[in-house]
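> Sequence first, predicted coordinates after that:
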Amino acid sequence: MLIENYLVAVISLPAGVFNPYSGVKTSILVMDKRLSKKTDSILFAKIENDGFNLGAQRRPIDKNDLPAAARNLKAWLEGVRNDSPFDFEGIQNLHVVEKARIAENGEWNLIVDRYLEGQNMVSEYPWVNVGDVVDTITPPIKIQKTEFGLPGRFPIIDQSQNEIAGWTNDESVLIYPTKPLVIFGDHTCAVKLSESPFAQGADGIKILQTMDFLEPRYLFHVLRQKPLETIGYQRHFSKLKEYKIPLPPIEVQKEIMAEIEGYQKIIDGARQVVENYQPRIQIDPDWQIVELGEVATMNSGGTPSKQHSAYWKWDIPWVSPKDMKVDFIEITADHISQSAVSSSATRLVNENTLLCVVRSGILQHSFPVAITTRKMCFNQYIVAISSVSS
């Protein structure tokens, strides 16, 4: 919604502009609903210098991209407003990206580098082949899948998409990293990172040890950010060795990793808040306590006959306990016909009806509840609860 209806420009600021208070990377989103409807593209402006260095002291320097960025942004907005878009061709750090390009992979990512493939990008850092900056490590033995044990003290890593494929207690098969190792799935192109002892599972992975001028975490994130595309079930390591990556100085690589790790801490913290959030109603001890049956009516549903296949091929959603694992029910596993409703004990209720499971294997310590988002029926293990008054 943001990209399609509001966003007209993204101004990317360098990490450190808010030092010493925060080093988190920041971007400015320029939104205008009317202008957004008049263009199918978004302007991306990248600020490399804002008149101060990016250290903790933020001392003044003679480089400042902000005035030019402000002029170019104004020109872009005026061009969109007057149906005569400003031509940015040849202007460094300015790119116009079509909204359809941003939407095409479903990620809606606002990092402009994602959309510059095929363009001539200027970089102050050299590009190198992965094969020239890594060595491969041969494990003492490869554990067959039939020997993956559970539980165990040491992880087994293979080429699957799972971070850990199994466990073992056999110390003789372990690889002991002296620094983080990048693990590449030869058939799947899956990329993993390991800092602790692990065992290689079966065949199909390449264990990569970076040279001293390449930070392993940097290589890991580059390969995760722009992964190698698979070409069927065949080996890809020869292709990976020719894969080119930018190689900034090791100090810059470490700064990039510190920034990414800072983001990840924020993401992990937000995820923990979401996973542990439970809405709570503070109960006032002066409130009157009544039995639910005194203030609400409860009606159970039913199940149409399974012997009539025609009952189960229509468009009325039919709720069973397996659908009651969300707060608002939008889709159900089963659908029934109007004749099924007429020929069984099931009931058709309106949207915003509260359903409660009263008999089911999913009951443990609570009664799962959910709200319908449209007209639905439900089975005999569920009751519909309606208030007796508004």
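Thanks, I have it. This structure is a prediction, so every number in the text was calculated from the model and none was measured. Numbers count the residues shown, from 1 in each chain.
> hey, let's count contacts and neighbours off CA atoms from now on
OK.
> For the stretch 251-390 of the chain, which segments count as helices?
In the stretch 251-390 of the chain, the helices defined using DSSP state H, counting those that start in this stretch lie at 292-295, 338-342.
> Tell me which of these is the most buried.
helix 338-342 (a mean of 15; mean count of other C-alpha atoms under 10 Å).
> what's the domain layout of this protein?
Following automatic domain parsing, one gets these domains for the chain: 2-115, 127-251, 292-387.
> do you know which of those lies nearest residue 264?
Closest to residue 264 of the domains of the chain is domain 2-115 (C-alpha to C-alpha; 11.1 Å).
> chain center to that closest one, what's the gap?
How far domain 2-115 lies from its chain's middle: 23 Å, per C-alpha atoms, centre = their mean, to the nearest Å.
> That one: end-to-end distance?
Domain 2-115 stretches 18 Å from its first residue to its last (C-alpha to C-alpha, to the nearest Å).
> Comparing the helices of the stretch 251-390 of the chain by mean pLDDT, which bottoms out?
Mean pLDDT is lowest for helix 292-295 among the helices of the stretch 251-390 of the chain, at a mean of 88.
> Could you list the low-pLDDT ranges of the stretch 101-250 of the chain?
Scanning the stretch 101-250 of the chain for pLDDT under 70 picks out the ranges 105, 114, 116-124, 230-233.
> hmm, try it at 90
For the stretch 101-250 of the chain, applying pLDDT under 90 flags the ranges 101-127, 141, 143-153, 159-167, 169, 186-189, 202-204, 224-236, 238-239, 242.
> which stretches of it form helices?
Along the stretch 101-250 of the chain, the segments classed as helices by DSSP H, counting those that start in this stretch run 216-225, 237-241, 250-276.
> can you tell me which of the ones you listed comes nearest to residue 130?
Proximity to residue 130 (C-alpha to C-alpha) singles out helix 237-241 among the helices of the stretch 101-250 of the chain, at 4.9 Å.
> ok, back up a step: which one of the domains of the chain lies nearest to residue 262?
In terms of C-alpha to C-alpha, the element of the domains of the chain nearest to residue 262 is domain 2-115, at 7.2 Å.
> The closest residue in space to residue 376 that isn't next to it in sequence: neighbouring residues, count only.
Once flanking residues are discounted, residue 376 sits nearest to residue 317: 5.0 Å by C-alpha to C-alpha, 6 or more residues apart in numbering. A count of neighbours around residue 317, defined by other C-alpha atoms under 10 Å, yields 21.
> Would you mind listing the residues in contact with residue 317?
331, 332, 334, 335, 336, 375, 376, 377 (C-alpha atoms under 8 Å, 6 or more residues apart in numbering).
> what are the bridge partners for it, then?
residue 335 (DSSP bridges).
> do you know how far it is from residue 190?
Remark: distance between residue 317 and residue 190 (C-alpha to C-alpha) = 39 Å.
> quick revisit: compare the helices of the stretch 101-250 of the chain and give me the one nearest residue 346.
Minimum separation from residue 346 across the helices of the stretch 101-250 of the chain (C-alpha to C-alpha) falls at helix 250-276, 34.4 Å.
> Check which residues of that closest one are buried.
253, 254, 256, 257, 259, 260 (16 or more other C-alpha atoms under 10 Å).
> Could you check how many residues crowd around the closest residue to residue 30 other than its chain neighbours?
Distances taken as C-alpha to C-alpha, 6+ apart place residue 9 nearest to residue 30, at 5.0 Å, with adjacent residues excluded. With neighbours defined by other C-alpha under 10 Å, the count for residue 9 comes to 23.
> List phi and psi for the most centrally placed residue in the chain.
In the chain, the residue lying closest to the centroid (C-alpha atoms, centre = their mean) is residue 107, at 7.8 Å. Dihedral pair for residue 107: phi -90, psi -20, per degrees, to the nearest 10.
> Distance check, it against residue 99.
Look at residue 107 and residue 99: by C-alpha to C-alpha, they are 12 Å apart.
> pretty sure residue 28 is in contact with residue 8, am I right?
No - the criterion here is C-alpha atoms under 8 Å, and residue 28 misses it with residue 8 at 11.0 Å.
> and these two? which has more neighbours close in?
Set side by side, residue 28 and residue 8 show more neighbours around residue 8, with 29 against 11, by other C-alpha under 10 Å.
> Sticking with the more buried one, tell me its helix or strand.
Taking DSSP states H and E as the definition, residue 8 sits inside strand 7-13.
> Residue 22: which of the buried residues of helix 250-276 is nearest?
Closest to residue 22 out of the buried residues of helix 250-276 is residue 259 (10.9 Å), distances taken as C-alpha to C-alpha.
> so how far is residue 14 from that closest one?
11 Å.
> One more: residue 187?
Residue 187 sits 37 Å away from residue 14 when distances are taken as C-alpha to C-alpha.
> what's across from residue 372 in the sheet?
Counting by DSSP bridges, residue 372 is bridged to residue 329.
> Drop anything exposed from the contacts of residue 317.
For the contacts of residue 317, buried by 16+ other C-alpha under 10 Å: 335, 336, 376, 377.
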